[in-house]
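>>> return atomic coordinates for the entry below.
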Amino acid sequence: MESPGRLQSLWKGKAKAEPQDFDDLNPIITYRQLFAQNPGVRDPLRVIALCDSDAFYAACEMIRLGTDKDTPLVVLQWDSLIAINYPARKYGISRMDKLDVKEVKTRCPELIVVHVATYKEGEKEPGYWDDIDTKTHKVSLDYYRRESAKIATLFKECLPDCEIEKASIDEAFFDFTKPVREIMFERYPHIAQVPADAPQGLDTPLPPPPPLSWNITKFGYLVPFSPPSDGTSVDGTSHDSAEGDHVMATWHDIALSIAAELMGKAREIVHSKLGYSTSAGIARNKFLAKLAASYKKPNSQSILRNAAIPSYLKPMEFRKIRFLGGKLGAALAKEFDATTVGDLLSVNLDEIQRKFGDDSIWVHEVLRGIDRSEVKEKTSLNKSMLASKNLPNPITNASEGFHWIRVLAAELALRLNDVRKSKPNLWPKTLVLHARKGYEPGRSKQAPFPFTREVNVDIIASAGDKLWKELVGKSVVMKVTSIQLAFTGIETPEVGQGSIEGFLKAGQAIKRQRDYDRSLRVTDSSLNDYRGDQNDTAAHGEDRATTSFTCTRCRKTISLPQALVNVKELHTEALASLRSEHNDFHYAQDLANEPDEAIIPSGSTGHSPKKKKRRKEPRGIEKFFGRT
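Residues are numbered from 1 along each chain as shown. Got it, this is the predicted structure:
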């Protein structure tokens, strides 16, 4: 379930509803809009695609095992089916099933059942073991993440001018608006500049577009303008796309067709090079593109033209729309005695807002196919990595925690090393351990994670063990149902830190100088007085900026030891070492000032209960979202 904060971002800034009941399906497009340098989410020629890998986890396993594309295969995570390939679906196997292998094998003798890889203590990498047990193993999705990254990289190479937003491990949004516009100028040069006799200059509407013949092999399936007359469901599996040839095209249709060409070619390359089939939806915004992607599956793409939006949305059960299921969907259905989108279109905005609050304008708009969310590329660098395990058998004795820390450490080691293959300078600042009972507040411990040439399970587990000992203290009896180990503050070193060899060399020089200063009983204050008496650059031929820095937090000036001032080749590394050490000082202070949350040891008396912050009660539509 989505959080209220996530949903509020969709509603922010909307004061009133836009055109009623699909009034904006064929807007007038002017040269000014066509030549816009930064077309926004309201642009009438906006084109968005959603590309979804077909039965992704199952496809990954088929490629790993080298099975034939017609071989039925399912993927298990403990007792739950998490992926079923399309050949297996023909036998009536559903993700809602609790898989009885013997029973299914009678229906489908050739079915391959694969359990996802798991981590187990003593192994550096996850594997496909015969003795898997949720009491001792932890699920690994690392293989799927790697394959997903390969697909994403190839799509970026095929579509370099598109803005691409990864939506999940197996799907991504593509904004084709800008690249499509450039192709339109090439194919239709008569619109590439404003005609000299244009009556309104830039605000003159574009001339009518040329005829457009839709070719299913070139563009994909077309969502029909009219609902099925034979009782077929709105997934459209029985419809012929030729309907589009008999309807006058719009410039937005032209834009959709160009995007379909680009998307189709990219999908073919991904399939030929990596072996993965995908399904795509192409429409005017993200919401409609996602709906269109599921119109025909697998290995296809579907185009939802503006004129087809009403007939596609009206018969749809609105509770199948993202965010309109669950408690909110049930409340809407009960309040307005509605089932489909068409049922709710008769409810005006004032009535919805009176019942569900001002923010319910989002409901009013999404029912009409309006979505103004951007396609925004997310940074490929995650600042944190988390390995967690919800324990079927709670930890009741402190010694049991070390087993799970080692299992979690294996996952963190693998993921960090994977990232450092392409970005070797990345390193986490902190290792964090968190433990809790159920949904009750837990307790965390964290410590700086020192740099080493190579990271492995032993190094992470050793650091995690220390945090565990600090976390549990002298508690003898406890009940921990969830344990998490995480890296935070993952980033590249500061510019100028150079290689690790130089860093260590500078650090050793600083240590030697400290030992020397200590032997002479030189205090910090006398050393600062000595530095304060030094002359400036003119006397020493040295730029003070290369031998000192001023902390932005405490405003103190930190300078290199005198022994290093004259060793110019070490200035950069030594100063970086000093800066890092000084930052660690502030970081340690911050940690010391952070209050620990209460852990939930059964029978423990070492912690006094802390006052919980009073939760702000959600209002209006917000109350339908949150943890369930």
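>>> could you use CA atoms for every contact and neighbour count after this?
Fine.
>>> what ranges do the helices span in the stretch 351-500 of the chain?
361-366, 401-422, 457-472, 500-519 (DSSP state H, counting those that start in this stretch).
>>> for the record, mean pLDDT for the second one?
Looking back up the chat, that one is helix 401-422. Helix 401-422 comes out with an average pLDDT of 92.
>>> please pull out the lowest mean pLDDT helix or strand from this structure.
The least trusted helix or strand in the chain, going by mean pLDDT, DSSP states H and E, turns out to be helix 524-532, with a mean of 29.
>>> ok, now which ones touch R181?
34, 255 (Cα atoms under 8 Å, 6 or more residues apart in numbering).
>>> go on, the one 5 residues further on?
Under the criterion of Cα under 8 Å, 6+ apart, the contact list for E186 reads A192.
>>> any regions of the protein where pLDDT drops low?
Across the chain, the ranges flagged by pLDDT under 70 are 1-21, 96-100, 227-247, 379-381, 493-546, 552-555, 560-620, 622-628.
>>> would you mind giving the domain segments of it?
30-54+146-316, 56-141, 385-492, 500-534+545-590 (automatic domain parsing).
>>> identify the residues contacting stretch 401-408?
The contact list for stretch 401-408, computed with Cα under 8 Å, 6+ apart, reads 119-122, 137-138, 387-389, 395, 457-458, 461, 464-465, 468, 483-485.
>>> and the residues you listed, which are buried?
119-121, 137-138, 387-389, 395, 457, 461, 464-465, 468, 483-485 (16 or more other Cα atoms under 10 Å).
>>> among those, which lie within strands?
119-120, 137-138, 387-389, 395, 483-485 (DSSP state E).
>>> show me the strands in the stretch 251-400 of the chain, by range?
278-283, 301-303, 385-395 (DSSP state E, counting those that start in this stretch).
>>> what's the closest of these to M248?
M248 lies closest to strand 301-303 among the strands of the stretch 251-400 of the chain, at 15.8 Å (Cα to Cα).
>>> hmm, who's touching the closest one?
219-223, 256, 260, 264, 279-283, 292-293, 295-296.
>>> report the contact partners of the closest residue to S384 other than its chain neighbours.
Among residues not flanking S384 along the chain, T488 sits closest, at 4.3 Å (Cα to Cα, 6 or more residues apart in numbering). T488 sits next to 383-385, 428-432 when contact means Cα under 8 Å, 6+ apart.
>>> now do L141
Counting by Cα under 8 Å, 6+ apart, the residues that L141 touches are 116-117.
>>> tell me the backbone dihedrals of it, please.
Reported as degrees, to the nearest 10, the phi and psi values for L141 are phi -110, psi 20.
>>> so it versus T488, what's the distance?
L141 is 20 Å from T488, where distance means Cα to Cα, to the nearest Å.
>>> returning to what we had before: out of the strands of the stretch 251-400 of the chain, flag the one nearest A410.
Of all the strands of the stretch 251-400 of the chain, strand 385-395 comes closest under Cα to Cα, at 9.2 Å.
>>> list the contacts of the closest one.
Residues contacting strand 385-395 (Cα under 8 Å, 6+ apart): 134-135, 138, 401, 408-409, 411-412, 415, 478-488.
>>> can I get the buried part of those residues as one ChimeraX selection?
A single ChimeraX command selects the buried members of the contacts of strand 385-395 (16+ other Cα under 10 Å):
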select :134,138,401,408,409,411,412,415,478,479,480,481,482,483,484,485,486,487,488
